Structure formats: structure tokens, C-alpha cells
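Colleague: Sequence and predicted structure below; questions after.
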Amino acid sequence: MNERYYSLRSRLEALAWTVLFLTATAGGMAPFFLPRDKAEVVFAFALGGVLFLFLGMLLMRRAVTAPLARLAHGIKQMLEVGRLVKLPVTQANELGTVAAGFNRLAEQVEEQKQRLREHITELQRVNAELDRLANFKDDLLVTINHQLRTPLTALLEGLELLHDGAMGAVTPDQAALVGTMSENAVRLANLVEQVLDLSLLKSGRRLLTPQPADLGALLRRACETWQAAAEGRRVTLTCGELPAVYMDAEAIQEVLDHLLRNALRHAPMNSEVALRAEPQDGHVEIAVRDGGPGLSAEQLAKLFEPFTHLHTPDAPGSQGSGLGLAFCRQVVERHRGVISAQSQPQQGTTIRFTLPVASVRFLFEEACRAVHDDSEFQRGLYALLVAAPARPGPDAVALMRRAEALLKRNVHHGDRFVRLDDARLVITAVTDEPGLEAMLTRLRGALAREVPEVGVAGALYPHEGDQPDRLLDAACRRFAEHYAVTPHTTIPATLVGAGA
Amino acid sequence: MTDRKRILIGEDDPSILRMTRLRLQHEGFDVLEACDGQAVLDQAEAEPVIHLILLDIKMPKLNGYEVCRRLKAGPGTARIPVIVFSASETQLQHLANRCIEAGAADWIKKPFRTKDLLGKIHRALGEEGGIHG
């Protein structure tokens, strides 16, 4: 459409110019060839022709070019600025139709935008309401459980005092009754503890603080502890050399306690509960297998849902709260691990979960995530320091790219700094002392702007023949001195070279 | 004069106070009670012999940390071992830590079982007896 119009217009214009040129030439040359009176007539005609053509071109411009220019301007405004321009519809021809069509289209776009805006507002409102309700539910659960614990403890204490004869001698019948009451109070107290554990974790009131740690030692301790309580069953541990994993040791110990307690609860006398751990690609898999009655497909499907009870006719009175495995799943998933179960009736049950190996690559990614999730990152400037070799190799560049993907910010490879002008984040490879100084100078310049907060995260990159940990420490310290901030995530130097 | 050890409990929750008192009496201790911070200080200064003080962090009038600090600053009360009761709230944990810095012997998280508390009481009395006895 456009092309055809433009070729037509250029042809018309070319024709007009030719006629104009010829007429002007004829008019101009006429006095040399023609007698004076005739030449004047021809000259007058030529002049008239020129004027006529000039007027014609003006008219064409007014009728065709100007509306098209307005249309082009309207389209440009809509596409680039997002502003809608209403075009005047002055002609009853095709151009008028195009202008009217454009106007109609623009109105439709505006209507759709308005509808979208309304939907977004509504979604935001519903989302805020859901957040509020979820918080309320968590608060309620935590408060109820806190409030339940104190009276329950008083109840337990009172029953124990009665049982111990502190209030005078009790008859055997009374002792039996107090014993049953105590058992029930203990069950209730355990349930309250587990609901509290799970709700504290889910509501984020209990924060896990994973660190590189020795999983082997934790497994050996768990095995010994539970062997002592195994009563005629064996608890065995099979694990070779294990790499350091990234875990909150206290929480993982609670997971192991839940799994081993469960396994022992279902294991028949003289059977074995096997605990195994083996390193796999980027993580360690831990498995707990019992020789118990196993589970049906139905039970397996909702095993990790809260309040799932495994009915074990062989072990009356020993059922759990139904929250242990839900708690385990929460903990494992917070460690970026996976938990699963395999079982068949009469063939025992195996529960497996994974924990990430504390590799430099994983830790770096965690540092990036910590930066990204930190609310200060949203408000202020963040520096992620990466102690790297003086000439970053492909591994270092790959790490930077990974950081870029995780943080959704541009990382300027090769340069030490990232778009300081509009940066919320500075990812910087601290290579040596002069590099550190240069970085601080540049950041000082950046911080002269309106940057309300500065956070620092550290990450180490394996480094030959230098001391990146020392550099990183120095960088974090200097930051703290200058900007009164503390490093959020500093990855321990012991992990340098742990295999990226 | 008996050789029963005398323990002062500062706690504003009546049921915890009662259960702790009954358990300690059953275990052979002499028990004094106070239900606010000021009362703990008054009794600690008035009583000639107190072997140990149990102190809740959250109390009316004066909080447990303030009481602990003043006890440790008083010439007559500085040597009495103190065990602090704290809840799991971060703020109270923080106060419990400050109590330890101020000289408290130990702390226990509420709600506690008296079996666990007795262990800490015996340790605190034993240690203190060893040092000053």
C-alpha cells in the first residue's frame, strides 16, 4: 500500500517536474526563436503553466502528503510513546477511510489498555488480600501454639508431681490413671511442638542458615544416637568420603531424626534400618530404608502432605503427628534439595533426599540469590564482590554470566564495573590491591549520588597463587568502614578451589 | 537452721510459679516467691541467706535483665547465682544473653521441664559452692 503510493507519488512528481522544466525551458528560449509578439504569448503561457503546476503540487501535498504525515506521526506516537493521537478525518476518499480506521483502532487499543489496567488493579488487590490472609493464618498458628505450650507444660509438671507422690501417696489405681493422663499430655505436647516447628518454618519465622558443613559427621552421630534407641533392630550407615554440603546442620539433624524415628517405628524386630549417603552430580543423596510393611501407592502419593498418618497395626500407640515428613520436605526444599519415597507393600520403604554440594559455583549462585532476594537490593546499591584471578578465565566469565542471569542485570564482562550510572548492583571482580582501590574510588563516586543503602555480598573464585579470601575480607572491611555496612554473605575461604 | 538450700523464684505466671515451687520443695529446697522484679530485689536484699535466684526475663515493674544487673552490682547479692527464664522471642533471647554477660550463671528457655531446670540448678549451686565455699 505504502510502496505503491510512494512510487505513484514519485512518478507524478517526476512528470510534473519534467513538464515544468520543459515549459520553463520553452518559455525561456521562446524570445530567441520566435518573433517578439509570439514569444511574449508563449512566455506568458509558460509562466502560467509553471504557476499552475506549482499550485497543483501544493494542492497534492495538502491532499495526500499531509494526512499521511499525520498518520505516520500518530503511529510513531502510539508505538514509541504509547500516546494515542486522534487524526482529523477531513476527506471522503481512501485517506479519510485510513484515518478513520486508525482512530477506531486507537480507541480499541485504549479500551483494551484500560481493561488491562483494571484487571491488574484487581489482581493486585486480591493478591494483597491473600498475602494478608496467609500471614494471619501463620500468625494465628504460631500464637496458638505458643499459648498452648505454657499451660500444657504446667499440666505435665502437675501430673508428674502427682505421680512422684509430691502431693502425698497415691494408690496403684490412681497412679495408673495419672500415667495415662501423662501419656496423653505428652502426645499433645509433641503435636504442639511439631505444628509449631512446621508453622515457624513455613511462615519464615525460623530462618535456615545453611553453611558448608560435614555431612558424614552428622550421619555418624545420628546413626549412633538412634542405634541406642533401636531396641532389637540394627541401624547401619554406609557412606564413603563425602564432600562438604551446604546445610543448616541443626535442621538437617531434625530431618534425620524424623526419618530414623519413623523407620524404627515401622521396622520389625531384628530387621535393619539402613542409612546411606552417596555423592552424585552436584549433590549428595541420603537414603533411609526400613524393612517395614511398606506403603500402598495411595499412601505414597500423599506421604509428604501435612497430617498424613501411616497406620501401622503392628505398632499400636506409637503413631506420629503426621507432620514429620511435611517438616522434612520443607527443610529439604529450602536447601534446594528434593525429597521422595519409594515403597511397595511388604517390601519396606526408602526415603531419599538430596543436599547440594558446597561447590564454589553453588555458593556463588547462593550469594547472587541472597543479593537478589534482599529488600535492600530493591532500594539501594549493592556490591557483589567476586575475588577472581587477575585475568578472568572462561570459568570466571561463566560465573559472571550466571550472576547476570540470576540477577537480571547487565554485567559488563571484562570491565570491573557494571553500568554505574543506573546501577543498583555492582558486581566486581576484586583482582588485587590496586583493583580494590580503583573499585572503591569508583564506588565512592557512584555513592555521591542518591544511593540510600549499600549492601555487600562476597563470593570467592578459586585463584592460583594469590589470596582472594584476604582480598575479599579487605574489601568487605573497607566497605564497612566507608559506608557503615556489613557484608551479607561471605563465602568461607576454606571453599576456595572446592571445584566450581 | 537446716542445711536446705534456699531458692528465690521471680516469676509472674502463677501456674509456672506454683509448679516450680512444688517441684523444688519436693526435691528438698526451701522456696521463696516473688511475682515482680522489684519484689525480687527487695527480698534478695532483705533475706540473710539465699543460695540461688530463678528469674523470669519478662516481669512487671522491673524486667529480669534489670534485676539481674542490679543484683550483680549489689555487694550483698552479687555472689548469688542467677538462672534466667527466657522465651523463644528474639528480643527476650537477646536480653537473656545480656544477663549472661552481666554475670548470670545460666538460662533456660520457657516453657521448660523442671527436670531440665533441676540439672541447671545443681550445676549452678555446685560451681558456686566450689568457687566461694
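Modeller: Cool, got the structure.

Colleague: CA atoms for contacts and neighbours, from now on please.
Modeller: Noted.

Colleague: Skip ahead from the host helix or strand of B:Ile9 and say which helix or strand is next.
Modeller: Element membership of B:Ile9, judged by DSSP states H and E, is strand B:6-10. Downstream of strand B:6-10, the first helix or strand assigned by DSSP H and E is helix B:14-26.

Colleague: for the helix or strand containing B:Val84, the distance to its chain's centre please.
Modeller: Using DSSP H and E, the element containing B:Val84 is strand B:82-86. Put simply, strand B:82-86 sits 6 Å off its chain's centre (C-alpha atoms, centre = their mean, to the nearest Å).

Colleague: Look up phi and psi at the residue nearest to B:Ser86 when sequence neighbours are not counted.
Modeller: Distances taken as C-alpha to C-alpha, 6 or more residues apart in numbering or on different chains place B:Lys109 nearest to B:Ser86, at 4.9 Å, with adjacent residues excluded. The phi/psi pair for B:Lys109 (degrees, to the nearest 10) reads phi -80, psi 130.

Colleague: one step back: list the neighbouring strands of the strand holding B:Val84 plus their orientation.
Modeller: strand B:52-56 (parallel), strand B:106-109 (parallel) (DSSP bridges).

Colleague: average model confidence for the first one?
Modeller: Here strand B:52-56 scores 94 as its mean pLDDT.

Colleague: Now for A:Gly232, how many residues are close by?
Modeller: Residues lying near A:Gly232 (other C-alpha atoms under 10 Å in any protein chain shown) number 14.

Colleague: distance of it from chain B?
Modeller: Distance of A:Gly232 to chain B, computed by C-alpha to the nearest C-alpha, to the nearest Å: 28 Å.

Colleague: In three-state terms, label that residue for me.
Modeller: Classification of A:Gly232 by DSSP: H, G, I helix; E, B strand; the rest coil places it in coil.

Colleague: any idea how far A:Pro306 is from it?
Modeller: Remark: distance between A:Gly232 and A:Pro306 (C-alpha to C-alpha, to the nearest Å) = 30 Å.

Colleague: Isn't A:Leu335 up against A:Leu355?
Modeller: For the record, residue A:335 is His, not Leu. Yes - under the criterion of C-alpha atoms under 8 Å, A:His335 makes contact with A:Leu355 at 6.5 Å.

Colleague: Can you pull out the residues in contact with the strand or helix carrying B:Asn97?
Modeller: Taking DSSP H and E as the definition, B:Asn97 sits inside helix B:90-102. For helix B:90-102, the external contacting residues (C-alpha atoms under 8 Å, 6 or more residues apart in numbering or on different chains) are B:Ile57, B:Lys58, B:Tyr65, B:Cys68, B:Arg69, B:Lys72, B:Val84, B:Phe85, B:Ser86, B:Ala87, B:Asp106, B:Trp107.

Colleague: Same list (those) but as a markdown table, adding neighbour count.
Modeller: A markdown table is the format used below for the contacts of helix B:90-102 (neighbours: other C-alpha atoms under 10 Å in any protein chain shown):
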| residue | neighbour count |
| --- | --- |
| B:Ile57 | 27 |
| B:Lys58 | 21 |
| B:Tyr65 | 25 |
| B:Cys68 | 31 |
| B:Arg69 | 18 |
| B:Lys72 | 20 |
| B:Val84 | 25 |
| B:Phe85 | 24 |
| B:Ser86 | 25 |
| B:Ala87 | 18 |
| B:Asp106 | 19 |
| B:Trp107 | 22 |
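
Colleague: Tell me the bridge partners for the closest residue to B:Trp107 other than its chain neighbours.
Modeller: Residue nearest to B:Trp107 in three dimensions, not counting chain neighbours: B:Val84, with 4.4 Å by C-alpha to C-alpha, 6+ apart. In this entry, B:Val84 is beta-bridged to B:Leu55, B:Trp107, by DSSP bridges.

Colleague: didn't B:Val84 look like it was pressed against B:Leu52?
Modeller: No - applying C-alpha under 8 Å as the test, B:Val84 and B:Leu52 come out as separate, 11.0 Å apart.

Colleague: Name the residues of chain B found near chain A, please.
Modeller: B:Ser15, B:Ile16, B:Met19, B:Leu22, B:Arg23, B:His26, B:Lys110, B:Pro111, B:Phe112, B:Arg113, B:Thr114 (C-alpha under 8 Å from any C-alpha of the partner chain).

Colleague: Show me which of those is closest to A:Ala16.
Modeller: Here the nearest of these to A:Ala16, counting by C-alpha to C-alpha, is B:Lys110; it sits at 99.6 Å.

Colleague: List the residues that contact that closest one.
Modeller: A:Thr150, B:Phe85, B:Ser86, B:Ala87, B:Ser88.

Colleague: Could you do B:Ala34 as well?
Modeller: Taking C-alpha under 8 Å, 6+ apart, one finds B:Leu8, B:Ile9, B:Gly10, B:Glu11, B:Asp12, B:Val40, B:Gln43 in contact with B:Ala34.

Colleague: do that again at 7 Å, thanks
Modeller: B:Ile9, B:Gly10, B:Glu11, B:Val40 (C-alpha atoms under 7 Å, 6 or more residues apart in numbering or on different chains).
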